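1. generate a structure from the sequence data that follows.
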Amino acid sequence: MIKEFLREIISWLGYLQRGSVLLQISLFVVAIALERRLQNRLRSKIPSAAVSLVTPIILLIIGVISIALGFPGGFLRYLSAVWLTWKLVKPIKEILKKRAPNFPADEVDKSIFRPIFLVLLLLTFFQMIGSREALSVIQIGTIFGVVLTIGKLFSAVVVVYAIFTLASRPASFLAWISGKFFGISIQGRKALELILRYSMIGLGIIGVSYYIGINGTALVAVAGGLSVGIGFGLKEIISNFISSIWLLFEGTVRPGEVLMVNGDPCTVRKLGMRATQLRRGRDGAELLVPNQNFFTQEAESFTAEETSRRGNVDVGAAYHHEPQQVIDVLVDVAKSHERVLEYPPPAAFTTQFADSSINYKVLFWVRNPLDAFAVESDLRQMIWVAFEEHEIGIPFPQQQVYPMEWPPSKNQTLRIGSADHSLQAEPANDDSSGETA
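-> Numbering: from 1, shown residues only. Below you'll find the model as predicted:
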C-alpha cells in the first residue's frame, strides 16, 4: 500500500514540475499577491460586491484564451474557476439575507456548500493530474475480512457526513406531518423528530457498511461489543440521551422555562442530547446540567403552569409602634410598585417578637420570575423611605463593652454580680490582712 501511494505522489510531483504547469501556478500566485492593490484601485469604480470577483475573472479569461490559442492554460483555468466559485459565496449569501431573511444562509454554507465544494475540489484535482482511478483502488487494509480501499473509504466518509447533515430535514418534515395527522404536541414533535433523525442515521450507517462489504454477522458482533461498552463506559451518556427524549415527549423542561438551581433562577436556553443549557439570571453564566439530573433530583420550576412568582421582604420595627399601622404601611408600599401584581394582592404579616423588634414579612407576586430579586431590592428601599415618613424606627441590637483586666492586678479585685449588673473594681483594704471587704 505504501509503495503504491508513494508512486502516486511521485506522479503528482512529476505533473506539477512541468514547465507549463509551473508557469500557470506562478501566474496564479502573482495574481493573489496583486489582488489587494487591484481591489483598492477599482473600489471607487465598481460595486463593492463585485470587487473581489475581478481578479479571478481576469485569470479565468486568460486561461480560456490561452487554451483557445493552443497554449497550455488548463491548470490556470481550473485554479481560477475554483477561486471564483469560492469568491461568489459571500455576495450570494448577502443577496439571500436581503431577499430571504429567514433563509439559513450561514447554516447552508457551513454544513452543505463547503463540504460539497471540498469533495468536488479533491475529485477534480485528482482527475486533472490523472490519478483519481489509480488512487481509488489502493488498498489501505482489511476490516472484518473485507478489503478496504481509498475509494471506498472516501465514498463512505462522504455518504456518512451527508446522512448526518441532511437527516434533520426529512425527520423534521415527517415529524410535522405526524403531528398534524395524529395531533402530537410541539414537544412531542421535537422528540419524534429526534428519534426519526437518529433512526435515519443508523439505517444510513448500516447501508454504508453493506456498501463497503461488511456482512450482517460482523455488524451483530459490533453491536454486541457496543452493548458491553455501553454497559460499562457509556452508561451516563446513554442515560442522558434517553432522558432528553423523555423530557421532550413529556414537555416538563422546555426552552424559556425558569428553573431554580441552587437557589438561583435560571432560564432554559436549549435542551441538548446530553445536557440542558441554562442561563443563570444572577450573573448571566451558562450552566450545563446533565439531563438525567431532572429525574434523579428535585427541580423547582416557576413556569410549569404559570410564570408568576411570589417574593417576600423581611423587616423589623420597634416595639412601641402599633403592629397594624406597620402592616398598613408595608402593604401600601408593595401596592405602589409597578411590577407587583394586583392579584393576588400583596399582604404583610407579623412573624416574630424578637429581642429588639417586632418582625414583619411582606408577600407579593410578580409576573416574571426573574424580576423578583430586583423588586425585593426596590421594596426594601421604599420601605425605608416610608418608615422615615411615618416616623417608624428600625431597631438594631446594641452592646456595651466594659474593659477588664485579667488576671487581676495585686491592687484591684473584680466584683461581679452587683445590683446594677456592671463590673466594679475597688482597691484592696490593706488593714484586712488580705481579706476582701
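2. from here on, contacts and neighbour counts on C-alpha atoms
-> Noted.
3. low pLDDT regions in the stretch 301-437 of the chain?
-> 302-307, 399-437 (pLDDT under 70).
4. contacts only, for Gly141.
-> For Gly141, the contacting residues are 147-149, by Cα atoms under 8 Å, 6 or more residues apart in numbering.
5. out of those, who's nearest Leu203?
-> Leu148 (20.7 Å; Cα to Cα).
6. what is the neighbour count of that closest one?
-> Other residues lying near Leu148 total 18 when counted by other Cα atoms under 10 Å.
7. make residue 1 into 572 and carry on from there
-> I'll keep to 572 as the first residue from here, and by that count the last item is Leu719.
8. close enough to count as contact, it and Tyr782?
-> No - counting by Cα atoms under 8 Å, Leu719 sits too far from Tyr782 to count as a contact (10.9 Å).
9. so for this protein, the centremost residue is which one?
-> The geometric centre of the chain, computed from its C-alpha atoms, lies nearest to Gln848 (Cα atoms, centre = their mean), at 5.8 Å.
10. then it would be within a helix, right?
-> No - applying DSSP: H, G, I helix; E, B strand; the rest coil, one finds Gln848 to be strand, outside a helix.
11. how's the protein carved up into domains?
-> 572-707, 813-872, 880-960, 973-1008 (automatic domain parsing).
12. ranges for the strands of the stretch 572-721 of the chain?
-> Remark: strands assigned in the stretch 572-721 of the chain by DSSP state E, counting those that start in this stretch are 710-714, 717-720.
13. out of the ones you listed, deepest packed?
-> Among these, ranked by average contacts under mean count of other Cα atoms under 10 Å, first place goes to strand 717-720 (a mean of 16).
14. list the neighbouring strands of that strand plus their orientation.
-> Its sheet considered, strand 717-720 pairs with strand 710-714 (antiparallel) by DSSP bridges.
15. check which helix or strand Asn883 maps to.
-> strand 880-888 (DSSP states H and E).
16. which helix or strand lies directly C-terminal to that strand?
-> For strand 880-888, the following helix or strand on the C-terminal side (DSSP H and E) is helix 894-907.
17. tell me the helix or strand right after that following helix.
-> strand 918-924.
18. elements contacting that next one?
-> When contacts are defined as 3 or more Cα pairs under 8 Å, 6 or more residues apart in numbering; DSSP states H and E, strand 918-924 packs onto helix 894-907, strand 929-937.
19. which one of these lies nearest to Tyr649?
-> Closest among the helices and strands packed on strand 918-924, once you apply Cα to Cα, is strand 929-937, at 65.5 Å.
20. orientation of that closest one relative to helix 894-907 in degrees?
-> With axes from the mean of the first three to the mean of the last three Cα atoms, to 10 degrees applied, the angle from strand 929-937 to helix 894-907 works out at 20 degrees.
21. from the contacts of Gly712, which is closest to Phe812?
-> Checking the contacts of Gly712 one by one against Phe812 (Cα to Cα), the nearest turns out to be Leu719, at 32.6 Å.
22. contacts only, for the closest one.
-> The contact partners of Leu719, by Cα under 8 Å, 6+ apart, come to 710-713, 783.
23. can you redo these as CSV with pLDDT?
-> Shown next, in CSV, are those (pLDDT from 0 to 100):
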residue, pLDDT
Gln710, 74
Ile711, 76
Gly712, 74
Thr713, 77
Ile783, 77
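24. look up the closest residue to Glu857, ignoring the ones flanking it.
-> Arg850 (4.7 Å; Cα to Cα, 6 or more residues apart in numbering).
25. wait, I meant Ser928
-> In space, Ser928 is closest to Ala889, 4.8 Å off (Cα to Cα, 6+ apart).
26. neighbours of the one you found, how many?
-> 18.
27. circling back to that earlier point, correct me, but the residue nearest to Glu857 touches Ala856?
-> Yes - in this structure, Arg850 is within contact of Ala856 by Cα under 8 Å, at 5.7 Å.
28. comparing those two, which residue is more hemmed in?
-> Taking neighbours as other Cα under 10 Å, Arg850 and Ala856 compare with Arg850 leading, 20 against 11.
29. who is that one paired with across the strands?
-> Here Arg850 sits in beta bridges with Thr838, Glu857, going by DSSP bridges.
30. so how far is Leu859 from it?
-> Look at Arg850 and Leu859: by Cα to Cα, to the nearest Å, they are 9 Å apart.
31. for the stretch 722-871 of the chain, give me the ranges with low pLDDT.
-> Looking at the stretch 722-871 of the chain by pLDDT under 70, you get 756-759, 787, 789-790, 792-794, 796-805, 822, 870.
32. show me the strands in it, by range?
-> 829-832, 835-842, 846-851, 857-861, 871-872.
33. the fourth one - contacts with which helices or strands?
-> To tie it back to what came earlier, the one meant is strand 857-861. Short answer (3+ Cα pairs under 8 Å, 6+ apart): strand 857-861 packs on strand 846-851.
34. distance between the strand it packs on and the chain's centre?
-> Here strand 846-851 shows a centroid-to-chain-centroid distance of 7 Å under the convention Cα atoms, centre = their mean, to the nearest Å.
35. so what does that strand touch, helix or strand wise?
-> When contacts are defined as 3+ Cα pairs under 8 Å, 6+ apart, strand 846-851 packs onto strand 835-842, strand 857-861.
36. just the helices in the stretch 622-771 of the chain please.
-> 625-639, 645-670, 676-679, 685-699, 703-707, 721-737, 739-753, 757-783 (DSSP state H, counting those that start in this stretch).
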